[in-house]
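In: quick one: sequence and predicted model below, then my questions.
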Amino acid sequence: MLQRFHEFVSSLAVLHASQLVTLAGPNRPRSGAEMLELATIRNGGVLIRDGRVRALGVSSATRLPTAPEIPPLAEAGVPGFDAAGWGMILAPAGTPRDIVSKLRAHLESVTALPEVQQQFILLGLVAASAPAPDKLQDFIDSEMARWEKVVQQAGLAGTE
């Protein structure tokens with residue numbers, strides 16, 4: 001994935017800017033060289049709307065509800081690219097299943113509220129259903145393996 005992205009960026013003659021991939025940002029070098037910048041839609045959205053940077057694509061596999069005009073990078077020339085961030089609310093190990101089920105149901109009902117959805121939009125977030133509790137560890141393990149491979153390919157392993 002990293003190699004395809006690098007090849008894509010290297011093949012561009014002039015780069016401008018994107019949502020989770022931003023170019024020619026506000027810290028543009030004085031030499032006139034274009035600059036690649038990764039940004040959230042919340043931070044980069046104003047620059048995009050003002051025409052100060054041009055969005056090349058979003059890093060997720062699907063378009064963002066807040067910026068449907070910006071294609072995913074997978075559509076914009078980097079096949080298979082999908083690097084959406086995620087976060088979770090977790091309970092301590094050993095929490096009884098009935099408590100986990102109640103917490104999950106309550107969180108899902110709260111995140112479905114229009115005012116909560118609006119706050120997510122303002123923050124540039126998209127609410128998604130988490131895997132079922134018994135599948136959560138599989139999801140985390142797959143994400144760890146996926147990003148470990150990217151870190152290895154980028155030559156970043158051991159640099160922490």
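Out: Nice, thanks for sending it over.

In: and the closest residue to residue 74 other than its chain neighbours, how many neighbours?
Out: Nearest residue to residue 74, sequence neighbours excluded (C-beta to C-beta, 6 or more residues apart in numbering): residue 81, at 4.8 Å. Bear in mind the C-beta positions are built from the backbone N, C-alpha and C, glycine included. Residue 81 has 22 neighbouring residues, counting by other C-beta atoms under 10 Å.

In: looking at this, residue 81 is in a helix?
Out: No - counting by DSSP: H, G, I helix; E, B strand; the rest coil, residue 81 falls outside a helix, being coil.

In: so what's residue 131 up against?
Out: With contact taken as C-beta atoms under 8 Å, 6 or more residues apart in numbering, residue 131 is in contact with 138-139.

In: check what pLDDT it gets.
Out: Looking at residue 131, its pLDDT stands at 80.

In: checking it next. Helix, strand or coil?
Out: coil.

In: equivalent analysis for residue 152, please.
Out: Following three-state DSSP, the label given to residue 152 is helix.

In: please apply the same query to the one 5 residues further on.
Out: Under three-state DSSP, residue 157 falls in the coil class.

In: please name the nearest non-neighbouring residue to it.
Out: Distances taken as C-beta to C-beta, 6+ apart place residue 151 nearest to residue 157, at 5.5 Å, with adjacent residues excluded.

In: residue boundaries of the strands in the chain?
Out: With strands called from DSSP state E, the chain shows them at 22-23, 36-37.

In: confidence-wise, which of these is weakest overall?
Out: Lowest mean pLDDT within the strands of the chain: strand 22-23, a mean of 41.

In: lowest-confidence helix or strand of this structure?
Out: strand 22-23 (a mean of 41; mean pLDDT, DSSP states H and E).

In: I figured residue 126 hits residue 68, correct?
Out: No - Residue 126 lies out of contact with residue 68 (C-beta atoms under 8 Å); the separation is 11.9 Å.

In: which residue packs closest to residue 124, ignoring adjacent ones?
Out: residue 42 (3.6 Å).

In: any idea how far that neighbour is from residue 72?
Out: Here the criterion is C-beta to C-beta, to the nearest Å. By it, residue 42 lies 18 Å from residue 72.

In: these two: who's more crowded?
Out: Shown here are residue 42 and residue 72; by other C-beta under 10 Å, residue 72 has more neighbours (20 against 14).

In: residues contacting the more buried one?
Out: Residue 72 touches 57-63, 81-82, counting by C-beta under 8 Å, 6+ apart.
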